[in-house]
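Q: from the sequence below, what's the structure:
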Amino acid sequence: MRSPKWNRHVDRIVNRSSGHERRCCARTACTRRVARTRRSRTAITVSLAHELLEIAHDLATTAGDMALAGRKAGLQHVHTKTTATDMVTEFDKASEKLIVEGLCQQRPLDAIVGEEGANVVGSSGITWHIDPIDGTTNFLYDLPAWAVSIGASDAQGPIAGVVYIPALGEMFSATRGGGAFLNGSPIRCNQITDVSHALVCTGFSYSPEQRTIQSRRVAKFIHLIRDIRRGGAAAVDLCFVACGRLDAYFEENLHQWDIAAGILIAHEAGCTSGDFAGESAHPAEILVSAPAIFDQLSNLIIAASAPKE
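A: Okay, here's the model as predicted:
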């Protein structure tokens, strides 16, 4: 027969073991609750992203097709904005009006910012950035590289976006973490590794003085890359990098509505982005490229931008 001392020893071990098991069970239950919460939040975010994407897709299609039909019928009212070369047509305004009304009806608590003046205050945490016709000069001259760009963002950044090019019948789209698509088919950027083989696109300011500076910068390194293109619509240029029609795109002095949808599409297609120095991209300065040439092109742009000694 075992002694009382031994029995007390065994009881202590059992109690410690039971306590340890209870603590382990509690930790496991807590971990499972956290995991369920995270999965739930992820599911909600994914569901929201797809809801926003569907709304953007439908509104961009309707607005873009309306503008395309109007362009074919002929423009009646063309005006200038910031400079003599910064144009706006009746369809820029009509497109934005249609999109804003649609968003207000379907997402009444969201904030909205549009190029042609829309400024709706929201409380949902979602902000829409609208460029009703990105590439108005192309639209005016009946060139196909213009688009309707609609992007939605939350506190973490872009969550859903579309860029619709009516003249080409092309719809680029993306959701955060969900990949990038062209007319429903997945797209990826090029995997070029040598900047000397890169087809690079850029844009120029409406200011004559700035255009002079920008063109001189390009002239300093054009011989070090494959060639330069100037598309005339930031959203389209970003999407063309995303699908491999271009290897890189850089520009400065843009607005959030120019890039809100396009930069998400580029990211989801595997592109690298930043400002010219490689910090976070922003409308004032953006560089988007195939990953392996980002630093190479960044160095070329920085060197070409340096003032003469």
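
Q: ramachandran angles for the residue lying closest to His129 once chain neighbours are set aside?
A: Spatial nearest neighbour of His129, excluding adjacent residues (C-beta to C-beta, 6 or more residues apart in numbering): Ala260 at 3.7 Å. From N, CA and C alone the C-beta is placed, and that goes for glycine too. Backbone geometry at Ala260, expressed as degrees, to the nearest 10, gives phi -60, psi -40.

Q: was I right about Ala260 contacting Ser149?
A: Yes - under the criterion of C-beta atoms under 8 Å, Ala260 makes contact with Ser149 at 7.0 Å.

Q: what do those two both touch?
A: Counting by C-beta atoms under 8 Å, 6 or more residues apart in numbering, the residues touching both Ala260 and Ser149 are His129, Gly161.

Q: for the two, indicate the residue with more neighbours.
A: Ser149 (35 against 27; other C-beta atoms under 10 Å).

Q: check what pLDDT that one gets.
A: Among the per-residue scores, Ser149 holds a pLDDT of 98.

Q: so it, which state does it fall into?
A: strand (DSSP: H, G, I helix; E, B strand; the rest coil).

Q: show me where this protein has helices.
A: In the chain, the segments counted as helices under DSSP state H are 4-73, 90-106, 136-140, 208-221, 234-242, 256-268, 294-305.

Q: ranking those by mean pLDDT, which is last?
A: Minimum mean pLDDT among those: helix 4-73, a mean of 71.

Q: what residues are up against the closest residue to Pro186 other than its chain neighbours?
A: Computed as C-beta to C-beta, 6+ apart, the closest residue to Pro186 that is not its neighbour in sequence is Gly179, at 5.7 Å. Each residue near Gly179 by C-beta under 8 Å, 6+ apart is listed here: Pro186, Glu268, Ala269.

Q: correct me, but the first one touches Ala180?
A: Spelled out, it's Pro186. Yes - using C-beta under 8 Å, Pro186 makes contact with Ala180 at a distance of 7.1 Å.

Q: who has more neighbours, the two?
A: Between Pro186 and Ala180, counting by other C-beta under 10 Å, Ala180 is the more crowded of the two (24 against 11).

Q: so what's the more buried one bridging to?
A: On the basis of DSSP bridges, Ala180 is bridged to Ala174.

Q: who are the neighbours in contact with it?
A: Counting by C-beta under 8 Å, 6+ apart, Ala180 touches 172-174, 186-188, 242, 264-269.

Q: please report how far Pro166 lies from Val236.
A: Applying C-beta to C-beta, to the nearest Å, the value for Pro166 to Val236 is 11 Å.

Q: overlap of the contact sets of the two?
A: In contact with both Pro166 and Val236: Trp146, Ala147, using C-beta under 8 Å, 6+ apart.

Q: leaving out sequence neighbours, find the closest residue to Asp295.
A: Here the residue nearest Asp295, using C-beta to C-beta, 6+ apart, is Gly278, at 6.9 Å.

Q: right, and the helices of the chain - which one's nearest His197?
A: Comparison of the helices of the chain against His197 by C-beta to C-beta identifies helix 294-305 as nearest, at 10.6 Å.

Q: which secondary structure elements does that closest one contact?
A: The contact analysis (3 or more C-beta pairs under 8 Å, 6 or more residues apart in numbering; DSSP states H and E) places helix 294-305 against helix 208-221, strand 248-252, strand 272-274, strand 285-289.

Q: turn these into a markdown table, including distance to Gly122 and mean neighbour count.
A: Converted to a markdown table, the helices and strands packed on helix 294-305 look like this (distance: least, C-beta to C-beta, whole Å; neighbours: other C-beta atoms under 10 Å):
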| stretch | distance to Gly122 | mean neighbour count |
| --- | --- | --- |
| helix 208-221 | 33 | 14 |
| strand 248-252 | 28 | 25 |
| strand 272-274 | 26 | 20 |
| strand 285-289 | 25 | 25 |
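
Q: could I get those as a markdown table with distance to His50?
A: A markdown table is the format used below for the helices and strands packed on helix 294-305 (distance: least, C-beta to C-beta, whole Å):
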| stretch | distance to His50 |
| --- | --- |
| helix 208-221 | 39 |
| strand 248-252 | 27 |
| strand 272-274 | 23 |
| strand 285-289 | 24 |
